[in-house]
Every structure is written in structure tokens, then in C-alpha cells.
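> next come a sequence and a model predicted from it.
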Amino acid sequence: MGNDGGTIAKRQDILSLHNARSAHTAFAEDKGESKEQILLQSCALSGLPLYENNPIVGDFKGKLYIKEKILQYMLDCKLDKLKRQLQFQHLKSLKDLQTVKITWDVINDIAHFQCPVTKELDYKASYSYLRPCGCVMSYKLLKELKKSLKSLKSRETSTHIEAHCPVCNHEFTFDYDLVIINPTDKSDFSEFNEENYEYLRTVLHLSHAKEPLKKKKKRKSESEDAEEVKDDLIRKRKMDTDDGLETGKRIRA
Ligand SMILES: [Zn+2]
């Protein structure tokens, strides 16, 4: 134990991953799936199908991953910074991921997202998930729910609209608990996700998984960090030497 944290991807692993991804995409394309649907049904890191690859996790940007694949990636990045990819740089720990629950409906051998409430399939609707419980459902459904709650609560002074998940009844807040899945080509959806996360982080000091964020010391650059370690070492060496001198003097005296 102790030294066995890392695994080196062998050529064979990479090849088999690549083949699995291509096979999955080719199969889905053959079945007439659009690029957008294939993207929705696949892990944003490995490209492998999400179906039957539980647990599935989501980030604040609305990307979904096979948990095992994204954890392996984060571990690899810790061991080798060169493995970091720009598009996943916001993923550093489990606090940046939330487990999501997808309802599937297999039609013509292709597994589709299905809204557990409206029963709509993924080619008909945009999907979203709720940060506190991870339930995946039609975004339109949540928009309509928000509208109806807003009119009910219009006389209240609070700007936050609390609600209960239509699937599992868990509490959530419309203002920052909604994540739109795969907001490709829709910049307002991306902004929606970014703004919600910004509020969560800067106002509530919570991570995407709603865990308290560590109070950050002033952000230091890596060179400043290195300087500090060096200073500490010099200080320690000086103290050791001073101690030595003191003891020496005392012995002589
Ligand atoms: Zn729920």
C-alpha cells in the first residue's frame, strides 16, 4: 500500500477505449441519432455510453460523466499535471461532481433519456438536473413549475423560490439548484449554469456538490508557493544551527 496510487494507461487500454467509443457512436449514428443526442447519452470524458455505466455524475456546466472514468482522470492529473485538459480544469475533487439519476427508455436498441414526469424522450426536450438530489428531468417541466410557483408566491418578499423535486420530493431552490445538461450551441443556457454556480460559490460558499468550500487563503502562484517552502527550509536550518551553537556554548561554559 502507499505507492500503488497510479496506473499507467497501456497502449491496449487506450486502443480498446477508442474502439468502444467509435463503436458506440457509429451504432447510434446508424440508428439515426443526432450528434446532440449521442453527446447527451455519452460520457463527456470517455465518449462511452452512460447507459448501464452507473454511477453517473454531473458537473456545474451540465456535462455528464461515468464516475469511474472522471475519477481516474482526476487521479491521473494529480500524478501528472501534463495530463490536465483545459475543458475539465474545473474538476479537482468529488466536491465538483454530483451523482445524477437518469431515467432511461430503450427504443430500437438505443437508450434514451426519458423525463420521469412528462415521459418525453431526449429528442423532444432539453434536460436538466437538480443539484441537491441529482434527478434528471425535462427542463421545460421545471420552467413551467417555476412559473406556477412564482404566481403563487408573488406577494411574498423573498426572491428565492423554494420547491420540491417533482420526482423524489427533495427540497431545492430554483435560483441556483438547476443545471441544464449539455448546453451546446446555446450560450444563454451555458451562462445560466455559470451564473448559478457563481452564486453558489461566492455568496453561499458552497461547491457544486453543495459542500462547504474551504476558506481560501489569498491565492498564491506556484512560484510563491515554492518560495515559501524554500523560506521555511532556510528558517528551519537556521534554527537548527542556532540551537547547535547555544548547546555548544553551554557545554563550553
Ligand atoms: Zn429529486
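Great, that's in hand. Residues are numbered from 1 along each chain as shown.
> mind listing what's buried in stretch 25-33?
Using 16 or more other C-beta atoms under 10 Å as the test for burial, stretch 25-33 gives Thr25, Ala28, Glu33. For every residue, glycine as well, the C-beta is placed using N, CA and C.
> quick one, strands of this protein?
For the chain, strands defined by DSSP state E occupy the ranges 56-58, 64-66, 98-100, 104-107, 110-113, 127-130, 136-138, 162-164, 171-173, 178-180.
> need the buried residues of stretch 25-33 in TSV (columns: distance to Thr202 and pLDDT).
Shown next, in TSV, are the buried residues of stretch 25-33 (distance: C-beta to C-beta, whole Å; pLDDT from 0 to 100):
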residue	distance to Thr202	pLDDT
Thr25	38	81
Ala28	39	81
Glu33	39	80
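> circling back to that earlier point, ok, which of the strands of the chain comes nearest the ion?
Nearest to the ion, of all those, is strand 127-130, at 5.5 Å by C-beta to the ion.
> list the strands paired with that closest one, with their directions.
Taking DSSP bridges as the criterion, strand 127-130 sits next to strand 136-138 (antiparallel), strand 178-180 (antiparallel) in its sheet.
> picking that back up, with mean pLDDT and distance to Gln87 added, can I get the strands of the chain in a markdown table?
As requested, the strands of the chain are arranged in a markdown table below (pLDDT from 0 to 100; distance: least, C-beta to C-beta, whole Å):
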| stretch | mean pLDDT | distance to Gln87 |
| --- | --- | --- |
| strand 56-58 | 98 | 15 |
| strand 64-66 | 97 | 12 |
| strand 98-100 | 98 | 18 |
| strand 104-107 | 92 | 26 |
| strand 110-113 | 91 | 22 |
| strand 127-130 | 96 | 20 |
| strand 136-138 | 96 | 22 |
| strand 162-164 | 90 | 32 |
| strand 171-173 | 94 | 27 |
| strand 178-180 | 95 | 17 |
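> could you export these as TSV, including distance to Ala44 and mean neighbour count?
Formatted as TSV, these follow (distance: least, C-beta to C-beta, whole Å; neighbours: other C-beta atoms under 10 Å):
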stretch	distance to Ala44	mean neighbour count
strand 56-58	9	24
strand 64-66	6	25
strand 98-100	12	20
strand 104-107	18	12
strand 110-113	14	20
strand 127-130	14	26
strand 136-138	15	24
strand 162-164	28	15
strand 171-173	23	16
strand 178-180	13	23
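> okay if I get those strands as TSV plus distance to the ion?
Formatted as TSV, the strands of the chain follow (distance: least, C-beta to the ion, whole Å):
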stretch	distance to the ion
strand 56-58	13
strand 64-66	16
strand 98-100	10
strand 104-107	16
strand 110-113	15
strand 127-130	5
strand 136-138	8
strand 162-164	8
strand 171-173	8
strand 178-180	12
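> among the ones you listed, which comes closest to Gly47?
strand 64-66 (9.9 Å; C-beta to C-beta).
> what helices or strands is the closest one leaning on?
strand 56-58 (3 or more C-beta pairs under 8 Å, 6 or more residues apart in numbering; DSSP states H and E).
> TSV for the buried residues of stretch 25-33, including distance to the ion?
Output for the buried residues of stretch 25-33, formatted as TSV (distance: C-beta to the ion, whole Å):
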residue	distance to the ion
Thr25	30
Ala28	28
Glu33	27
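> next step: those residues restricted to helices.
If you go by DSSP state H, the buried residues of stretch 25-33 have Thr25, Ala28 in helices.
> the ion contacts on the chain?
Near the ion, the residues belonging to the chain are Cys133, Cys135, Cys165, Val167, Cys168, His170 when assessed by C-beta under 5 Å from the ion.
> which of the buried residues of stretch 25-33 sits closest to Asp76?
Thr25 (23.4 Å).
> tell me how far the residue nearest to the closest one when sequence neighbours are not counted lies from the ion.
Leaving out its chain neighbours, the residue that sits closest to Thr25 by C-beta to C-beta, 6 or more residues apart in numbering is Ile38, at 5.9 Å. Ile38 sits 26 Å away from the ion, going by C-beta to the ion, to the nearest Å.
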